[in-house]
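Asker: need a structure here:
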Amino acid sequence: MILSKQHNIIVLSPPKTGTRYRMIRFKDVNDMRLRPGNMHCQIKDLDLICSDNDLDKQKLHKVACVRNPWRRYASLFHMIRYKNAHINNPKQDFLKWINSEHFNRRAFSLDRFLFDDDGSLAVDEVIPVDEWNKHIDKLKLLLGDNSELIHDYQTSYSYENTYKQWYNQQAIDRVSEKDAKTIKLIGYKFE
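Answerer: Modelled structure (predicted):
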């Protein structure tokens, strides 16, 4: 998460959307320091954040970063399960995980970062990270960053050629249900 009091902006960052990179890249304007629990603050946390930082929630420009949810959950699975253990059948393990209670409770929905409990959009702007350079350029503009730093981002692993094989129709539908509002808002598809 990035909070810039100078620019009166908060950038909400769901897991697996480049959060750590953004926090490092924009550290000079970020008034929130990296601490356990504040990296992936959700909409429900805004009242406390505003209270702790003497900010008016209504005047704060709220931005959320999002990523294609099917890719995002595959990346999350890769991070928590696949890269840390030798798995003979990643598809079987992925399907087991996506149908688990862990996925239900712990794999935070993108919707939790964009929408209030009543289902209304709670942010002023949504910036997809799927086109990384456009995403960073937009944040540079919002955060008044005129630096010439190159912002190419490379992950330490790549599953891009394999993750689609992990999904079956039931898993595709589970993600569609979990992030239904965000998928509709952005027009994301399983592709």
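Asker: neighbouring strands for the longest strand belonging to the chain, and are they parallel or not?
Answerer: In the chain, assigned by DSSP state E, the strand with the most residues is strand 61-66. The strands that strand 61-66 pairs with in its sheet are strand 9-12 (parallel), strand 125-128 (parallel) (by DSSP bridges).
Asker: which SSE is immediately downstream of that strand?
Answerer: helix 69-77 (DSSP states H and E).
Asker: which residues touch that next one?
Answerer: Residues from elsewhere that reach helix 69-77 (Cβ atoms under 8 Å, 6 or more residues apart in numbering): 14-17, 67, 94, 97-98, 103, 107, 110, 130, 159, 163-164, 166-167, 172, 175, 178-179, 182-183, 188, 190. Where C-beta positions appear, they are placed from N, C-alpha and C, glycine not excepted.
Asker: take those and keep only those in strands.
Answerer: Using DSSP E, no member of the contacts of helix 69-77 falls in strands.
Asker: could you tell me which of those count as buried?
Answerer: Using 16 or more other Cβ atoms under 10 Å as the burial test, the contacts of helix 69-77 include 14-17, 67, 94, 97-98, 103, 107, 110, 159, 163, 166-167, 175, 178-179, 182-183, 188, 190 as buried.
Asker: and residue 9, bridged to which residues?
Answerer: Assigned bridge partners for residue 9, using DSSP bridges, are residue 4, residue 61.
Asker: how about the contacts made by it?
Answerer: 2, 3, 60, 61, 62, 63, 142, 143.
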